[in-house]
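> here is a sequence together with a model predicted from it:
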Amino acid sequence: MEETGASAAGSFWTYTAGLGFAVLLTAASFIVAQTNLLWPPGVPAGLAVLAIAQMGVHLVFFLHIGTDSEQTNSVLALVFGVFIVALVVIGSLWIMDHLNANMVSPSAVMEMQH
Amino acid sequence: MSAQVGIADLAAPQVTADASGAGPAPVRIVVGYGFWIFLLSDIILFSALFATYAVLHGQTAGGPSSRDLFGLGNAGIETSCLLLSSYTCGLAVLALGRRRMSAFYWCCTLTFLLGATFLSLEVSEFAGLLARGAGPSRSAFLSAFFSLVGLHGAHVTVGLLWLIFTVAQTAHRGPLDFVRRRMLCFSLFWHALDIIWVALLTLVYLMGAR
């Protein structure tokens, strides 16, 4: 059992830098959501980019996912996890969107009955 | 020595090599890796509920929509609580690694108080929605909302209980290796919950309140 020093659990400054980045990104998200700083139809995309950036900050500064050789397995597992999450979320939205587009609306059904 | 130490030590020799081929990995790496796999499976569980929420977001059945229900003030305080508690949790792990016990207990207390504040804000938000007749049975949108946010809240509740248990064990047994590994796993869990909250805040509150 080696010593959990600065390399193993990060250092005080790693966590503090992570907190600083996270606060900046969160503040940016709230500003983007509440103002028309961004082109309004682009706001959801902007928020998604900020959220993904913040998740990256959390992974690197808080969870210490990095490029050390001892973390190769963790990074591979993370990549696979992200792949499954993307399949589930994007696949569900894609399929349900097409399903909605092909559905006959209730009002149209009422008209067909007349 | 407790049974967990024995199991972890037995498990170590079976791990013949990490990807670098450098030989048996230390127990801390093996434990952290196993817990990381659990966290990823937990995130996949959440992704199913995120997809459900995104699909059902517009299905309000004539009831209130996310724009009518969600304000950003409450969500902002909740976000600050969870982020700061993630930070103090990281500092607690550092303090335990350096055997600074009073700093460890202070950081754990702050982590607990911030987490409990988050939870009480969420419970009061749920109570407010129920009082307005916007409970989970009102519409598909609200069912998805309560499932998603409620599951995150349940994780936070479990985390708080786990933190109490870990601090009590540290007080009882001292900063032994297996206690430190448990604290490391708790901190990974707590940071992962914060990552899920970032996605939740963005999808449900920031995008929903517009």
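Here it is on my side, so go on.
> and for residue A:26, the neighbour number?
Each residue near residue A:26 was counted by other Cβ atoms under 10 Å in any protein chain shown, and the total is 21. Backbone N, C-alpha and C define where each C-beta goes, glycine included.
> flag the shaky bits of chain B, pLDDT-wise.
Within chain B, the ranges that satisfy pLDDT under 70 run B:1-23.
> biggest helix in it by residues?
Ranked by residue count, the top helix of chain B under DSSP state H comes out as helix B:140-173.
> following the lengthiest helix in chain A, which helix or strand comes up?
The single longest helix within chain A, with elements called by DSSP H, is helix A:72-102. Of the helices and strands lying after helix A:72-102 in sequence (DSSP states H and E), the nearest is helix A:106-113.
> ok, and what's touching that next one?
Contacts to helix A:106-113, defined as Cβ atoms under 8 Å, 6 or more residues apart in numbering or on different chains, come from residues residue A:104.
> and that helix, C-alpha only, in CSV?
C-alpha atoms of helix A:106-113 as CSV (Å, rounded to 0.1, in the frame of the first residue of the first chain):
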residue,chain,number,x,y,z
PRO,A,106,-56.0,12.8,-31.7
SER,A,107,-57.7,15.7,-33.4
ALA,A,108,-57.0,14.2,-36.8
VAL,A,109,-58.5,10.9,-35.7
MET,A,110,-61.7,12.8,-34.6
GLU,A,111,-62.0,14.3,-38.1
MET,A,112,-61.5,11.0,-39.8
GLN,A,113,-64.5,9.6,-37.8
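> what residues of it count as buried?
When burial is assessed from 16 or more other Cβ atoms under 10 Å in any protein chain shown, helix A:106-113 yields no buried residues.
> rounded mean pLDDT for it, please.
Across helix A:106-113, pLDDT averages out at 72.
> quick one: low-confidence parts of chain A?
Residue ranges of chain A with pLDDT under 70: A:1-10, A:106, A:114.
> so what's residue B:118 up against?
Contacts here follow Cβ under 8 Å, 6+ apart; on that basis residue B:118 touches B:78, B:81, B:82, B:85, B:156.
> sort out for me which of those are in helices.
B:78, B:81, B:82, B:85, B:156.
> tell me the contacts of the nearest residue to the last one once chain neighbours are set aside?
Distance criterion Cβ to Cβ, 6 or more residues apart in numbering or on different chains; nearest residue to residue B:156, sequence neighbours excluded, is residue B:119 at 5.5 Å. Residue B:119 makes contact with B:153, B:156, B:157, B:160, according to Cβ under 8 Å, 6+ apart.
> which among these gets closest to chain A?
Comparing these against chain A with Cβ to the nearest Cβ places residue B:156 closest, at 15.8 Å.
> and residue B:198, how far from chain A?
Between residue B:198 and chain A the computed distance is 5 Å (Cβ to the nearest Cβ, to the nearest Å).
> one step back: mind putting the ones in helices among the contacts of residue B:118 in JSON lines, neighbour count included?
Output for those, formatted as JSON lines (neighbours: other Cβ atoms under 10 Å in any protein chain shown):
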{"residue": "B:78", "neighbour count": "20"}
{"residue": "B:81", "neighbour count": "21"}
{"residue": "B:82", "neighbour count": "24"}
{"residue": "B:85", "neighbour count": "27"}
{"residue": "B:156", "neighbour count": "21"}
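> residue B:181: which of those residues is nearest?
The closest of the ones in helices among the contacts of residue B:118 to residue B:181 turns out to be residue B:85 (Cβ to Cβ; 20.9 Å).
> hang on, isn't the closest one packed against residue B:191?
No - Residue B:85 is beyond contact range of residue B:191, at 10.1 Å (criterion: Cβ atoms under 8 Å).
> stretch B:163-175 close to chain A?
No - if you take Cβ under 8 Å from any Cβ of the partner chain as the test, stretch B:163-175 misses chain A, and the best it gets is 10.2 Å.
> now do the buried residues in that stretch.
B:163, B:166, B:167, B:169, B:170, B:175.
> and of the residues you listed, the nearest to chain A?
Minimum distance to chain A across these is 10.2 Å, recorded for residue B:175 (Cβ to the nearest Cβ).
> secondary structure class for the closest residue to residue B:71 other than its chain neighbours?
Among residues not flanking residue B:71 along the chain, residue B:209 sits closest, at 6.7 Å (Cβ to Cβ, 6+ apart). Under DSSP: H, G, I helix; E, B strand; the rest coil, the three-state class of residue B:209 is coil.
> tell me the phi and psi of residue B:209?
phi -80, psi -10 (degrees, to the nearest 10).
> report how many residues lie close to it.
Around residue B:209 there are 16 other residues, counting by other Cβ under 10 Å.
> just residue A:40 next, same as before
For residue A:40, using other Cβ under 10 Å, the count is 9.
> what's the answer for residue A:20, then?
Neighbour tally, residue A:20, other Cβ under 10 Å: 13.
> element containing it, please.
Under the criterion of DSSP H and E, residue A:20 resides in helix A:12-34.
> what sits up against that helix?
Residues from elsewhere that reach helix A:12-34 (Cβ under 8 Å, 6+ apart): A:37-38, A:43, A:46-47, A:50-51, A:53-54, A:57-58, A:60-62, A:64, B:72, B:76, B:79, B:83-84, B:87, B:90-91, B:94, B:201-202, B:206-207, B:209-210.
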